[in-house]
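Undergrad: What follows is a predicted protein model with its sequence.
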Amino acid sequence: QVQLVESGGGLVQTGDSLRLSCAASGRSFSNYAMAWFRQPPGMEREYVANINWSGYSSNHAVPVRGRFTISRDNAKKMVYLDMNNLKPEDTGVYYCAAKAYRGSDTLREVENFDYWGQGTQVTVSS
């Protein structure tokens with residue numbers, strides 16, 4: 001089992017950058033595929049990016065591709081989301097998610113993940 005705590009959100013302006021962090025506790029962090037999701041106001045939770053257990057494979061949703069980068073440090077049990085050139089449509093609560101998985105499938109659905117953090121708010125003003 002793993003516990004997740006996100007941090008790094010805040011209020012920024014269009015074009016600014018932020019780094020979100022997700023701290024994991026528990027055993028065998030390197031056995032987990034990790035992901036970031038976000039939930040815009042009044043909308044469903046949506047996929048942002050994922051990274052496999054080793055960190056050598058990642059995937060980013062089309063709306064953030066080229067602006068956001070997911071990474072992980074297994075020694076520190078951390079996952080990061082570097083967000084550049086932020087836009088108002090990036091506003092939402094950002095969640096870190098985990099699944100014990102070492103396969104090669106790209107996991108993009110909310111139901112693929114078993115563990116979730118409490119979320120961190122990102123607000124981008126125009």
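TA: Noted; the coordinates are in hand.
Undergrad: List the pairing partners of the helix or strand in which Val122 is found within its sheet, with orientation.
TA: In the assignment (DSSP states H and E), Val122 maps to strand 120-125. According to DSSP bridges, strand 120-125 forms sheet pairs with strand 10-13 (parallel), strand 92-100 (antiparallel).
Undergrad: Now the last one: buried residues?
TA: Taking 16 or more other Cβ atoms under 10 Å as the neighbour-count basis, strand 92-100 is seen to contain the buried residues 92-99. From N, CA and C alone the C-beta is placed, and that goes for glycine too.
Undergrad: what two of these are the furthest from one another?
TA: Gly92 and Lys99 (21.3 Å; Cβ to Cβ).
Undergrad: Verify the stated contact: Tyr115 with Ala97.
TA: Yes - Tyr115 is within contact range of Ala97, at 6.6 Å (criterion: Cβ atoms under 8 Å).
Undergrad: shared neighbours of these two, anything?
TA: The contact sets of Tyr115 and Ala97 overlap at Leu4 (Cβ atoms under 8 Å, 6 or more residues apart in numbering).
Undergrad: Just the angle for the helix or strand containing Leu81 relative to strand 120-125, thanks.
TA: If you go by DSSP H and E, Leu81 is part of strand 78-83. Here strand 78-83 points in a direction 10 degrees away from that of strand 120-125 (axes from the mean of the first three to the mean of the last three Cα atoms, to 10 degrees).
Undergrad: so what strands line up beside strand 78-83?
TA: In the sheet, strand 78-83 lines up with strand 18-26 (antiparallel), strand 68-73 (antiparallel) (DSSP bridges).
Undergrad: and the gap between Pro88 and Ser57?
TA: To Ser57, Pro88 is 31 Å away according to Cβ to Cβ, to the nearest Å.
Undergrad: brain fart, Tyr80
TA: 16 Å.
Undergrad: Can you lay out the buried residues of strand 92-100 as a markdown table showing distance to Arg27?
TA: As requested, those are exported to a markdown table (distance: Cβ to Cβ, whole Å):
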| residue | distance to Arg27 |
| --- | --- |
| Gly92 | 31 |
| Val93 | 27 |
| Tyr94 | 25 |
| Tyr95 | 22 |
| Cys96 | 17 |
| Ala97 | 18 |
| Ala98 | 12 |
| Lys99 | 15 |
